[in-house]
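Q: next comes the sequence, and after it the predicted model I'd like to discuss.
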Amino acid sequence: MATQTGVAPAGSSGAHGHEEVDYLNAEKGWWSWASTVDHKRIGIMYLASVMTMFGVGGFFALALRTELLTPGRTIMGPDFYNQAFTLHGAVMVFLFIIPSVPAALGNFFLPIMIGAKDVAFPRLNLASFYIYVFGAIWAVASIWGVDTGWTFYTPYSQHTNFAAITMTTGAFILGFSSILTGLNFIATVHKLRAPGLNWQRLPLFVWGIYATSVIQVLATPVLAITLFLLIMERLLTVGIFNPELGGDPVLFQHFFWFYSHPAVYIMILPGMAVVNELIATFSKRKIFGYMFVAMSSVSLALLGFLVWGHHMFVAGMSDYAALVFSGLTMLVAIPSGVKVFNWVATLYQGSISFESPMLYALAFIVLFTIGGLTGLYLGMLAVDVHLHDTYFVVAHFHYVMVGGTVFGFLGGLHYWWPKMFGRMYDERLARVAFTLVFLGFNMTFFTQFILGSRGMPRRYYDYLPHFQPLHAFSSVGAYVLGVGFLIMLYMFITAILSGKKAPPNPWGSAGYEWMTTSPPHPHNFHETPVMTRGPYDYHLATDEELSTGFPGETESSVEARAAETPRTETAKAAATTDADDADDEKSKDDDE
């Protein structure tokens, strides 16, 4: 593979002794950021935004676990408890997990990974960010008083505080950001791939973001229409979901979950996409079954539209419909299993190194497998009747969303941090933070599997005294998890302020994104790259690519070599002719 030549490594001097220009220092001032159309800067702004939302959602998660330390009132009353878990769920799902990997890491790295200078529609990309910011401000500002939970189920959402309607308006606005981002990524992958980069050479991260974008474009309009109908019903008192007006509340559940189960794959597919890159880099092996892994992402994107009914087994659907949805739910396990088994096969006999990004990748495999296997229980009709609306569902959801998506996001953030900011973080602190996060997560949520199987309902402010020891243990785990995140925050801040300058390719990766400077050039590459190998072909990557990241040819060098070839062939032919003539003359002399 080749990308660029004649580029000084990040942080070194160029031809005239000046600092190498990168996307961070190319322009100065806050307005250069606010008006930028550089996908990398937009990715950084998304990253700051989603991490802020993660802090808000995490704060309310700790508040909930503090309240549940003891039966009865601990720090808040039942009304505020309902508002707190609504805010926690809505912020974490709509404002953090869904945009975390695609909008932040995807915006930054997808164009670089395909050798493009930017996304297909840079101004639309900036507009998507501002729509996200506007929707987030609207949603958070209106959430006080919303106590419906993040699903906004009718008919309760039609009778509770009017803030529920303003909150759904915020979610409606956020949907446009998701749709526009998905369209932009699809167009970028189809139209802006570098020479030599065919579909069989695409990085699996790009495959994952591409599949996610398809779901965003197809499913998000359904949620937008559903929320719009909910708003109109409340404002105009027309009967759509409200049974008092002749509506059907179960219809809302069908509409909502027709989007929200594909949204599960909007959340988990990007995490899987990141893990592909981590497994390949830190085992120094080509991903086993590359096309199977790529097509499993597409399969999950398509199958995700067929299984929404398993959220509604106790909502009154027919036995036949429930049986069909149960079978389809089992079918979804196949592409997920393909990914897990291929990751394990890639690790087998690999040259594995256990840097902090790899720790998150390995944790992802373990935690996502637990989340997936416990999902099979919920997909079985008889078992789901017992476990529905218990803490077992809460634990399953968090093992998939946090143990999967969030761990994948954190692994990607650690992995690409040197490329994004040109600074290395303290690996020792990273390992400490990982240990606390992994331990705290399992203390918090594995305990809830036990609570749920014993009949503890979810979303309850109070509980029976015999559940108290397990609730207390779960709450202590949440505090351990919080401490781990605080250490991680401190580590990243100190890395920006005083971290060592990052080498161009600190992990020795063969991935395309490491074939440029750290941080990248404002246009990613000085010249159009030419892809002459796959992103996981470690046996074809040169030592130079695996160390400095700078290969030896670009589009211009390929053209120069092509132009030189005819001249070389002509010279060789002339030399051969001269030699033959000389031999003939010598033969004549010998005969004479």
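A: Yep, it's here.

Q: when you work out contacts or count neighbours from here on, use the C-alpha atoms and nothing else.
A: Fine.

Q: ranking helices and strands of the protein by mean pLDDT, which lands last?
A: Every helix and strand in the chain was compared by mean pLDDT, DSSP states H and E; the lowest is helix 555-591, with a mean of 50.

Q: show me the contacts for Val298.
A: By C-alpha atoms under 8 Å, 6 or more residues apart in numbering, Val298 lies in contact with Gly208, Ala211.

Q: go with 6 Å
A: Taking C-alpha atoms under 6 Å, 6 or more residues apart in numbering as the criterion, Val298 is in contact with Ala211.

Q: let's verify it: helix, strand, or coil?
A: Remark: Val298 carries the secondary structure label helix [criterion: DSSP: H, G, I helix; E, B strand; the rest coil].

Q: do Gly247 as well
A: State at Gly247, reduced to three classes by three-state DSSP: coil.

Q: what about Ser498, how many neighbours?
A: Here the neighbour count serves as a burial measure; for Ser498 (other C-alpha atoms under 10 Å) it reads 12.

Q: list the buried ones in stretch 182-193?
A: Neighbour-count burial for stretch 182-193 flags Gly182, Leu183, Asn184, Phe185, Ile186, Thr188, Val189, Leu192, Arg193 (criterion: 16 or more other C-alpha atoms under 10 Å).

Q: residues in contact with that stretch: which ones?
A: The contact list for stretch 182-193, computed with C-alpha under 6 Å, 6+ apart, reads Ile114, Ala116, Val119, Ala120, Ser213, Gln216, Val217.

Q: would you reformat these as TSV and include secondary structure, neighbour count and distance to Phe80?
A: What follows is the contacts of stretch 182-193, written out as TSV (DSSP: H, G, I helix; E, B strand; the rest coil; neighbours: other C-alpha atoms under 10 Å; distance: C-alpha to C-alpha, whole Å):
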residue	secondary structure	neighbour count	distance to Phe80
Ile114	coil	26	48
Ala116	coil	21	49
Val119	coil	27	43
Ala120	coil	20	45
Ser213	helix	25	36
Gln216	helix	27	33
Val217	helix	19	35
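
Q: closest to Leu174 out of those residues?
A: Nearest to Leu174, judged by C-alpha to C-alpha, of those is Gln216 at 11.7 Å.

Q: give the contact list for the closest one.
A: For Gln216, the contacting residues are Ile179, Gly182, taking C-alpha under 6 Å, 6+ apart as the criterion.

Q: ok, now how distant is it from Ile179?
A: In this structure, Gln216 lies at 6 Å from Ile179, with C-alpha to C-alpha, to the nearest Å as the measure.

Q: element containing the residue lying closest to Phe121 once chain neighbours are set aside?
A: By the measure of C-alpha to C-alpha, 6 or more residues apart in numbering, the closest residue to Phe121 outside its immediate chain neighbours is Asn184, 6.2 Å from it. Here Asn184 is covered by helix 163-191, with elements defined by DSSP states H and E.

Q: still on that earlier bit, between the buried residues of stretch 182-193, which is nearest Thr226?
A: Here the nearest of these to Thr226, counting by C-alpha to C-alpha, is Gly182; it sits at 19.8 Å.

Q: for Asn198, the count of nearby residues, please.
A: Close neighbours of Asn198, defined as other C-alpha under 10 Å, add up to 12.

Q: what's the answer for Gly316, then?
A: The local packing count at Gly316 equals 9, with neighbours defined by other C-alpha under 10 Å.

Q: what of Glu244?
A: Taking other C-alpha under 10 Å as the neighbour definition, Glu244 ends up with a count of 10.

Q: surely it is in a helix?
A: Yes. When the secondary structure is assigned by three-state DSSP, Glu244 falls within a helix.

Q: any idea how far it is from Asn442?
A: In this structure, Glu244 and Asn442 are 44 Å apart, going by C-alpha to C-alpha.

Q: and stretch 396-412, average pLDDT?
A: Stretch 396-412 comes out with an average pLDDT of 95.

Q: ok so, going back, and the pLDDT at the residue nearest to Phe121?
A: Residue-level confidence at Asn184 comes out at 96, pLDDT.

Q: which residue is nearest the middle of the chain?
A: For the chain, the residue sitting closest to the mean C-alpha position, by C-alpha atoms, centre = their mean, is Val101 at 2.7 Å.

Q: check contacts around it.
A: If you count contacts by C-alpha under 6 Å, 6+ apart, Val101 has them with Pro270, Phe409.

Q: then Arg423?
A: Gly499, Lys500, Lys501, Ala502.

Q: swap in 10 Å and give it another go.
A: The contact partners of Arg423, by C-alpha atoms under 10 Å, 6 or more residues apart in numbering, come to 10-11, 417, 492, 494-503, 518-519.

Q: same thing with Met167?
A: The neighbourhood of Met167, defined by C-alpha under 10 Å, 6+ apart, consists of 87, 90, 135-136, 138-146, 150, 152, 173, 227.

Q: please, which helix or strand holds the nearest residue to it once chain neighbours are set aside?
A: Leaving out its chain neighbours, the residue that sits closest to Met167 by C-alpha to C-alpha, 6+ apart is Ala139, at 4.9 Å. In this structure, Ala139 is located in helix 122-142 according to DSSP H and E.
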